[in-house]
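Visitor: sequence plus predicted model, see below.
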Amino acid sequence: MFLTVTTSLVKGLGTAMELFGLTLLFALPLGLVIAFGSMSKWQPFKFLQYGQENPGSFVRFFADLRPISALTNVIVWIIRGTPLMLQLIIIFYGPGLWFDNNIWSFSNGRMAACVVAFVINYSCYFSVIYRGGIEGVPQGQREAGEVLGMTKSQIFFKITLLQMIKRIVPPMSNEIITLVKDTSLARIIAITELIKAGEAYMKSDGITWPLFYTAVYYLLFVGVLTILFNFIERKLSYFR
Amino acid sequence: MAVLEVNHLEKHFGSTRVLNDISFSLEKGQALSIIGSSGSGKTTLLRCLNFLETPNGGSICVNGKTLFDAADPSTQLEKEIRRKRLHFGLVFQNFNLFPQYTALQNVTLARELMSKETGESQDTIVKAGKELLEQMGLADRANHYPHQLSGGQQQRVAIARALAMHPDILCFDEPTSALDPELTGEVLRVIRNLAEQRTTMIIVTHEMAFARDVADQLIFMDQGFIVEQGDPHQVIDHPREERTRHFLAHYSET
Ligand SMILES: Nc1ncnc2c1ncn2[C@@H]1O[C@H](COP(=O)(O)OP(=O)(O)OP(=O)(O)O)[C@@H](O)[C@H]1O
Ligand SMILES: [Mg+2]
C-alpha cells in the first residue's frame, strides 16, 4: 500500500512541479515587463501645460498623467487584491459561463487555464519585487554609467541587473516558496496535484495518512529550493 | 582657443532658479576651481555640463563646437547626448563605483562596451586600465572589489575610471567631502599630479588652500550666480566682493 501511495503521490508531485515550472518560466520575464510598465514615465499629455503659467487642476491632471504606469498599477492592484483561487475560477469557468465558449475544452485545457491564472497572478507579485530591486539600486550607479557614455541597455544589463538580482533574491525566494504551496489550489478545477492525489485515498480506501504524507513531498521540494537560493545568495556575496 | 565656453547658462527646477547667467571659459590644460556655500548650484552646474540635467537657457561649447544650445533643439537630440557626454568626465562626491566589478573592471568596462564602435582590442584597454591604476598608486589593488577598498582608494579608482575615457574636461564634485580627513590627502595629491600634467579640470571643492594652489582660475558662486571669478590667489586672499569675503571669513572660522 505504501508503495502504491508513494507512486501516485509522485505523479501528483509531477503535476505540481509542471505547474510550478511553467509559472516561473513565464512569470519571471513577464513580471519584469510589468515592472517596467509600472515605472514608465511616459506623459503623452505633457504638452497641455506648455506655455501656461498657472494651469488649472484639470489640465494638470492630464499633463501629469502617466497612462502606462497608471494602468499597470491598477492591474497589479486588482490581481494582488483578490484571491488566486477566485482568479483561477474566473479564468477557467468564466469563458464558458459568460461567453458560451469554453476555450479550455482541449486535452490539457485545465492545466493551461491553471498556468494562465498562475502566471498572471505571480507576474504581478514578481513585478513589485523587481521594481523594489531596480529602485533600490542608487541613482548614482545609473548616472555613473551615463557619464561614461554607456547606452540605456548597457546600463541595465551591465550595471543595474546584477545589483537588482542580489537585492531581490530574498523576497523572490519567499514568493517562489509560496508558489510551491499555492500549486495545491489547482485541485479547485479538478487537477490531480499532490493534495488531491493524497485525499483520493480517503474516499477510496478510508485512510487518511496519505493526505498527511503529502507534507513530506512539499518539504523536500521546498528544501531543495532553499538550498538553491542559499547557493545563489552565496554566489552573489562577493560584492556589496 | 578655449576648450570650454559656457554662455549664459540657466537652470531652474520648477520655480527655484538654481543657475543664473553662468558664463565662463576654460583654456586647454588649465584647472578651474569652483567654491561656494551649500546650495549655491555647484553640483547642478557640473551635472549640466555632463548632460545629467538639461539647462533651461544658454549654451555649452567645447573646442569651438556648440554641444548644447537651449535655443536650438537640433543640439538636444537624445541619441547624440551619449557621444557629447564623452567630452566630459565626472568624478562624484560619493564615488559611485560599480560594486560588482573589480577596480580594474570598473576602469575598463565603459571602454570595453565601446570597443564595438572604436575597434580597440581587449589587450589595449586592459593595459591602459592597469597603467591608470598604477598612476593612481593602486597597482596592487587592481583585483579588489570596491567594498574591499578604503574611501580614498575608491575615489582614486573613480578618477582612473573617468580618465580612461580621455575626456576633454574632467569634472570633480567635491571629491574629498565623503572622506575621512586622514584620507583626503591621497586624493588631493592625485588631482594635484593631474594638474601638473596639464589635465583640463573643473574642481568643485571646499578645500580652500587646495583650490588656491592647484587652480589657474577660480569661481565663487552664491545662490546660482557667479559672484567673483579670476586668479585664485587674488580671489581667496584679496576678494573684491563683500559676499566672497563673508563666505571666506565664515570658512576660516570652521
Ligand atoms: N533635482 C532637483 N530638484 C529640485 N531642486 C534641486 C534639484 N537638484 C538641486 N536642487 C536645488 O538646487 C540648489 C542647488 O543645488 P546644488 O546641489 O547644485 O548645490 P551645491 O552648490 O552643489 O551644494 P553643496 O555644496 O551642498 O553640494 C539647491 O537649493 C537644491 O535644493
Ligand atoms: Mg554639491
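Guide: Now that the structure is in, tell me what you want to look at. Ligands and ions are numbered 1, 2, ... in the order given.

Visitor: wait, what's in contact with the closest residue to residue B:135 other than its chain neighbours?
Guide: Nearest non-adjacent residue to residue B:135, counting by CB to CB, 6 or more residues apart in numbering or on different chains: residue B:160, 7.3 Å away. In short, each C-beta sits where N, CA and C put it, glycine included. By CB atoms under 8 Å, 6 or more residues apart in numbering or on different chains, residue B:160 lies in contact with B:103, B:107, B:129, B:132, B:133, B:135, B:136, B:138.

Visitor: where does residue B:160 fall, secondary structure wise?
Guide: helix B:151-163 (DSSP states H and E).

Visitor: which residues of chain A fall in helices?
Guide: Secondary structure of chain A (DSSP state H): helices located at A:2-38, A:57-64, A:67-81, A:84-99, A:109-136, A:139-147, A:152-154, A:161-182, A:194-205, A:209-235.

Visitor: repeat for the stretch 51-200 of chain B
Guide: Secondary structure of the stretch 51-200 of chain B by DSSP state H, counting those that start in this stretch: the helices cover B:78-85, B:103-118, B:122-135, B:151-163, B:181-196.

Visitor: so how far is the fourth one off the chain centroid?
Guide: Average the C-alpha atoms of helix B:151-163, do the same for its chain, and the two points are 12 Å apart (CA atoms, centre = their mean, to the nearest Å).

Visitor: show me which residues of that helix are buried.
Guide: Of all the residues in helix B:151-163, those buried under the rule 16 or more other CB atoms under 10 Å in any protein chain shown are B:151-163.

Visitor: quick one, that helix and helix A:139-147 angle?
Guide: Here helix B:151-163 runs at an angle of 30 degrees relative to helix A:139-147 (axes from the mean of the first three to the mean of the last three CA atoms, to 10 degrees).

Visitor: can I get helix B:151-163 in PDB? Just the C-alpha atoms.
Guide: Output in PDB follows, covering the C-alpha atoms of helix B:151-163 (Å, rounded to 0.1, in the frame of the first residue of the first chain):
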ATOM      1  CA  GLY B 151      37.200  55.600   0.600                       C
ATOM      2  CA  GLY B 152      40.400  57.300  -0.600                       C
ATOM      3  CA  GLN B 153      41.300  54.300  -2.800                       C
ATOM      4  CA  GLN B 154      37.700  54.100  -4.100                       C
ATOM      5  CA  GLN B 155      37.800  57.700  -5.100                       C
ATOM      6  CA  ARG B 156      41.200  57.200  -6.900                       C
ATOM      7  CA  VAL B 157      39.700  54.200  -8.800                       C
ATOM      8  CA  ALA B 158      36.800  56.600  -9.800                       C
ATOM      9  CA  ILE B 159      39.300  59.100 -11.100                       C
ATOM     10  CA  ALA B 160      41.000  56.400 -13.100                       C
ATOM     11  CA  ARG B 161      37.600  55.300 -14.500                       C
ATOM     12  CA  ALA B 162      36.900  58.800 -15.600                       C
ATOM     13  CA  LEU B 163      40.300  59.300 -17.200                       C
END
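
Visitor: what is the mean pLDDT for it?
Guide: Confidence over helix B:151-163, taken as the mean pLDDT, stands at 97.

Visitor: what number of residues lie near residue 215?
Guide: You didn't pick a chain, so chain A it is. 11 (other CB atoms under 10 Å in any protein chain shown).

Visitor: um, chain B though
Guide: Other residues close to residue B:215 by other CB under 10 Å number 25.

Visitor: and if you look at residue A:16?
Guide: Under the neighbour criterion other CB under 10 Å, residue A:16 is assigned a count of 27.

Visitor: can you check residue B:233 too?
Guide: Using other CB under 10 Å, residue B:233 is surrounded by 12 other residues.

Visitor: now it: closest residue in space that isn't a chain neighbour?
Guide: Among residues not flanking residue B:233 along the chain, residue B:212 sits closest, at 5.9 Å (CB to CB, 6+ apart).

Visitor: settle this for me: that neighbour is touching residue B:232, isn't it.
Guide: Yes: applying CB atoms under 8 Å, one finds residue B:212 in contact with residue B:232, separated by 4.6 Å.

Visitor: give me the distance between the residue nearest to residue B:135 and chain A.
Guide: 12 Å (CB to the nearest CB, to the nearest Å).
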